[in-house]
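Participant: what follows is a predicted protein model with its sequence.
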Amino acid sequence: MADPARGIELRGVGHVYGDRVVLSDLDLRLSERRIGIVGANGSGKSTLARLLNGLVVPTTGRVCVDGLDTRTHVREVRRRVGFVFQDPDAQIVHPTVAEDVAYGLENQGVPPAERAERVAEVLERYGLADHADHPAHLLSGGQKQLLAIAGVLVMRPARIVFDEPTTLLDLVNTRRVARVIEELEQQVVVVTHDLDLVDGFDRVLVVDGGRVVADGAPDSSVGAYRELMVHR
Amino acid sequence: MTLALYVPRASVVHRLPAGAKLLALAALSVLVFAVPTWPVVCGALATVLLVGLVAARLPAATLLRQARAVLWWLVGLFVLHWLLSDALTGAVTVLRLLALVLAAAVVTATTRVTEMVAVVERILRPLEGLGIRPARIGLVIAMTLRFIPLIAERADRIREAQAARGGSLRGLRALTTAVVPLLVQVLQLAHTVSEALDARGADDVPVRRGPRAA
């Protein structure tokens, strides 16, 4: 039985790719509204993000969302946890903007009338209404990332994981996406290299060598991360 | 790179059901091949232009682009017919193919991909009993249209990067040196796309779906 109060729980989680240990001994409970995950390239943070909605199942241990194990309840978990990828081009699967936003709703079996209404609403919200019938590949990088976010939000997940959402964006679009994330009502977990993005978050985890080496308020965690990188 | 995709307009042709437009396209194909005479072929071409430019209010450039894409092929075909039979037969052959290319362009420019895919899914539905999943085939069609320009864009970027380091932009060598990095990028992209499909509930696809609407 799902229990939203439990949030996302990781118990004894470890993950290996072949012989390479990517994550080990993770015991976490993620219940805060804004959570950041920072770490160097190859630290395991993207794998950690993928564990949270069952895109990756841990080699050892359990990941539960609202009490639902990602190993046994993957569909329910994915309905509860949306995922925004670093490269929006990989996430946009339909040729035009509105068709792509509607894709997730089709998968959920949402009736056409409600689908059209929800698509129009989310496109309006992100300033994409005038581009509804435009080919997605002609959008700017910032617009593509907003489209990717719209495609997830329209499915109304309770939580959203962002994997480096601003890495490919310029400063203006980075700010725009940061504002979008800030305004979300859902719980958000953001994996990022952009330390400004996690400013004001409730909690920031620092991942290094597959382990969480700092966990706390943004100031202390970001300070610990900077210190770690100085000695690298 | 652009594909002849949907051109949004509030026209009666746009509002027609996709199935009706595809049927009309099929009927036109049968007509121009069954009755390959001057009046029929010229009438077909004039009708297609009227429907496309006047009724559907498509920009002339949309149709011109499609005509230009097959121009050399049509010229070759005309010359071949001229040499093997006569110029009149060549002209009729070329004009009927041009009429069909432009008619197909009008259909794709006035029909959303999802509407087209819905028709394909409806046609394939009787095959569900054989284990075929029409929704999956529809998704493959939509994704093909979505990713062709993206992959072409990535190929261009690879060629430019190689040219910036002294490589050639054109020719067989440029093509062969671009293939491997492009293949690597496409495989990486495919992996992420499959993750994105999972994340957006691709496995939740109901066996039967209502008509698509955006």
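Facilitator: On my side now, so go ahead.
Participant: mind giving me the domain split of chain B?
Facilitator: B:12-111, B:134-204 (automatic domain parsing).
Participant: quick one: terminal-to-terminal distance for stretch B:32-46?
Facilitator: End-to-end distance for stretch B:32-46: 13 Å, by C-alpha to C-alpha, to the nearest Å.
Participant: report whether the least confident helix or strand in chain A by mean pLDDT contacts chain B.
Facilitator: Here the helix or strand of chain A ranked lowest by mean pLDDT, DSSP states H and E is helix A:88-91, holding a mean of 88. Yes - using C-beta under 8 Å from any C-beta of the partner chain, helix A:88-91 reaches chain B at A:Asp89, A:Ala90, A:Gln91. (Glycine included, C-beta is placed from N, CA and C.)
Participant: so which elements touch that helix?
Facilitator: Counting by 3 or more C-beta pairs under 8 Å, 6 or more residues apart in numbering or on different chains; DSSP states H and E, the packing neighbours recorded for helix A:88-91 are helix A:141-153, helix B:171-199.
Participant: pick the most deeply packed of these.
Facilitator: Of all the helices and strands packed on helix A:88-91, helix A:141-153 has the most neighbours on average by mean count of other C-beta atoms under 10 Å in any protein chain shown, namely a mean of 24.
Participant: avg pLDDT for it?
Facilitator: The average pLDDT within helix A:141-153 is 92.
Participant: now it against helix B:171-199, angle please.
Facilitator: 30 degrees (axes from the mean of the first three to the mean of the last three C-alpha atoms, to 10 degrees).
Participant: make JSON lines out of the helices and strands packed on helix A:88-91 and add distance to B:Val117.
Facilitator: Formatted as JSON lines, the helices and strands packed on helix A:88-91 follow (distance: least, C-beta to C-beta, whole Å):
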{"stretch": "helix A:141-153", "distance to B:Val117": "17"}
{"stretch": "helix B:171-199", "distance to B:Val117": "15"}
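Participant: out of these, flag the one nearest B:Val30.
Facilitator: Each of those was scored for nearness to B:Val30 using C-beta to C-beta, and the closest is helix B:171-199 (38.1 Å).
Participant: now do the closest one, average pLDDT.
Facilitator: Helix B:171-199 shows a mean pLDDT of 84.
Participant: run through the helices of chain B in chain order.
Facilitator: Shown for chain B, the helices assigned by DSSP state H span residues B:12-15, B:18-34, B:38-49, B:60-69, B:71-84, B:87-110, B:113-124, B:134-164, B:171-199.
Participant: in the longest one, which residues are buried?
Facilitator: The reference is to helix B:134-164. B:134-135, B:137-139, B:142-143, B:145-147, B:149-150, B:154-155, B:158-159, B:162 (16 or more other C-beta atoms under 10 Å in any protein chain shown).
Participant: mind pulling up the pLDDT for residue 30?
Facilitator: No chain in the question, so chain A it is. Looking at A:Leu30, its pLDDT reads 96.
Participant: meant chain B, my bad for not saying
Facilitator: pLDDT, B:Val30: 94.
Participant: quick one: closest of the domains of chain B to chain A.
Facilitator: Taking C-beta to the nearest C-beta, domain B:134-204 is the member of the domains of chain B nearest to chain A, at 3.7 Å.
Participant: now do stretch A:164-184: everything it contacts.
Facilitator: Contact with stretch A:164-184 is made by A:46, A:84, A:86-88, A:126, A:140-142, A:145-146, A:149, A:153, A:160, A:162, A:188, A:190-194, A:196-197, A:200, as judged by C-beta atoms under 8 Å, 6 or more residues apart in numbering or on different chains.
Participant: now that stretch: buried residues?
Facilitator: A:Glu164, A:Pro165, A:Thr166, A:Leu168, A:Leu169, A:Asn173, A:Thr174, A:Arg176, A:Val177, A:Ala178, A:Val180, A:Ile181.
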